[in-house]
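Enquirer: below is the structure, and that's it, no one-letter string:
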């Protein structure tokens, strides 16, 4: 039996969702026009006033916002409420350029917590559960978001934050934690460590995991599910829009439902900026229609994905987004070819290598080089040099057919690739361009 | 009459080998024979030691990936034609040798060949039947 946190919203009719979006968008555009001179100017440049936006059908007329605007307007330029109404900030991890600061009123936090509570409930969470939140707490939205959601659901929340893996495992075992929330790479590391300690999946009390904040492959999901003996659910979000819980996976585990009562999603062609029809692959764009303090209209996420409104067996009616193929910030251009780390991960896991890897890009004699470093494992090691070399060759071939370019594969000693407790550092780009 | 050989995965970078020998030294492990095979970016250190169990334990604790395989140790007269006599037997029977390496024992006039065959058991039977003596673990440990 599928459980919902807010059934009347999560299973509302499409007409009802459209009605909410129409009404809230009109109100939001007016709020932004009145309070954010930066965006008002952008609208004026297009000859728009709030009167031009009568429903979601007019959304395409509005100007876009991008990371560039967030940097330009840093720190207060996109704030739409007096500071006295704001209660908190969060900030992006700064992995890609300058920090972005987002603001929240108490109302914003409440709605965000609801979104995360929907995700935890969809993963099977109830007030009977012990929910270990191993996302980083602090400026990062991961810890705060899932913490708030876990409270709303009524789980016993373990606000352990990331790091100190031994303590993480001690709490999971001693408190019999049933839900784990963290980045997929940290989940994989916790699983690897538990396995080394001799813990089998049936001894591990966890039943579900909610993993997000970085791109991960379907193969990695299966790996984590097997090692920890859980169901692993994806969750999506970004600080600019609120944090985790913008979209979340249900029992169908085939795409994430976007919380459309709060966010309107569009897919655009990243080059022409034209809105694409449902089912097309393109850049995901979000409009926050309920946020008070930091309401971004048509924010370009740089995430490449596909939306679908096909009926979901879970009963939810909100649109689903596929796992982003990668944030275009993560995308590498190597010898003119677009490469996403998640593609490399897929090949590695398919061939039985651990999900822990590092990609080193360099430029030698004006030519880009791609070196994929993977760790040797006891299962893979043999005294037969030829056998290792042929596995290595098979991996090079697998990468070539996936990426369309030749990579070098380097086998490194176990545990030499640094384990991440938050977002994994997959790529080292040494090119000086 | 076979012996156990330990193979260790090593990255092809400065200090990788000495990191491993340091572990052996710290644990008082005596190597009887040693050989290094290398590919472009990694190598395999192969060795015969005085205490197989202890060595695998300390290597595992230190985080080295390794495996134990069965090899043959053949005492060969330290004189011209000594090795050839042994290999001739294998050739007649069509037994392939993947790799081998040699070391001199403490006893004068005897060298030892460590030999990895694709079929250790078959090689062992064939050599014994042709009067070639094979050394066992104890003999090597006692050297």
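Expert: Yep, that arrived. Keep in mind that this is a model prediction, so the values were computed, not measured.
Enquirer: domain parsing for chain B?
Expert: B:3-69, B:70-134 (automatic domain parsing).
Enquirer: can you redo those as a markdown table with distance to chain A and mean neighbour count?
Expert: (Glycine included, C-beta is placed from N, CA and C.) Shown next, in a markdown table, are the domains of chain B (distance: least, C-beta to the nearest C-beta, whole Å; neighbours: other C-beta atoms under 10 Å in any protein chain shown):
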| stretch | distance to chain A | mean neighbour count |
| --- | --- | --- |
| domain B:3-69 | 4 | 17 |
| domain B:70-134 | 7 | 16 |
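Enquirer: switch those over to a markdown table; also include mean pLDDT.
Expert: Below are the domains of chain B laid out as a markdown table (pLDDT from 0 to 100):
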| stretch | mean pLDDT |
| --- | --- |
| domain B:3-69 | 92 |
| domain B:70-134 | 85 |
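Enquirer: residue boundaries of the helices in chain A?
Expert: A:7-10, A:14-35, A:37-45, A:67-72, A:106-122, A:141-153, A:165-174, A:184-196, A:218-228, A:341-350, A:385-403 (DSSP state H).
Enquirer: check chain B too.
Expert: Under DSSP H, chain B gives helices at B:16-26, B:52-61, B:82-92, B:120-129, B:137-141.
Enquirer: contacts only, for the nearest residue to residue A:4 once chain neighbours are set aside.
Expert: Among residues not flanking residue A:4 along the chain, residue A:10 sits closest, at 4.6 Å (C-beta to C-beta, 6 or more residues apart in numbering or on different chains). Counting by C-beta atoms under 8 Å, 6 or more residues apart in numbering or on different chains, residue A:10 makes contact with A:4, A:118, A:257, A:315-318.
Enquirer: which of the residues you listed are buried?
Expert: Buried members of these, counted by 16 or more other C-beta atoms under 10 Å in any protein chain shown: A:4, A:118, A:257, A:316-318.
Enquirer: among those residues, which two are most distant?
Expert: A:118 and A:317 (12.9 Å; C-beta to C-beta).
Enquirer: now the longest strand along chain B, how far from the chain's geometric center?
Expert: Longest strand in chain B, counting residues (DSSP state E): strand B:66-77. Relative to its chain's centre, strand B:66-77 lies at 4 Å (C-alpha atoms, centre = their mean, to the nearest Å).
Enquirer: and stretch A:418-433, by the same measure?
Expert: 17 Å.
Enquirer: quick one: neighbours of the residue nearest to residue B:134 when sequence neighbours are not counted, just the number.
Expert: Excluding the flanking residues, the one nearest residue B:134 by C-beta to C-beta, 6+ apart is residue B:1, at 4.0 Å. Number of residues near residue B:1 (other C-beta atoms under 10 Å in any protein chain shown) recorded here: 14.
Enquirer: list the contacts of residue A:197.
Expert: residue A:169.
Enquirer: could you do residue A:289 as well?
Expert: A:21, A:24-25, A:27-28, A:262-264, A:295.
Enquirer: tell me the pLDDT at it?
Expert: For residue A:289, the pLDDT comes out at 98.
Enquirer: which residue is the nearest non-sequential neighbour of it?
Expert: residue A:24 (3.9 Å).
Enquirer: pLDDT wise, what is the one you found at?
Expert: pLDDT at residue A:24 comes out at 98.
Enquirer: distance check, it against residue A:113.
Expert: 19 Å (C-beta to C-beta, to the nearest Å).
Enquirer: if I pick residue 100, what's in contact with it?
Expert: If you meant another chain, say so; for now it's chain A. A:67, A:70-71, A:74, A:91-92, A:239-240 are the contacts of residue A:100 under C-beta under 8 Å, 6+ apart.
Enquirer: I was thinking of chain B, sorry if that wasn't clear
Expert: Contacts of residue B:100 by C-beta under 8 Å, 6+ apart are B:113-116.
Enquirer: which ones among those are found in strands?
Expert: Per DSSP E, the contacts of residue B:100 map to strands at B:113-116.
Enquirer: wait, which of these is closest to residue A:366?
Expert: Using C-beta to C-beta, the ones in strands among the contacts of residue B:100 come closest to residue A:366 at residue B:116, 44.4 Å.
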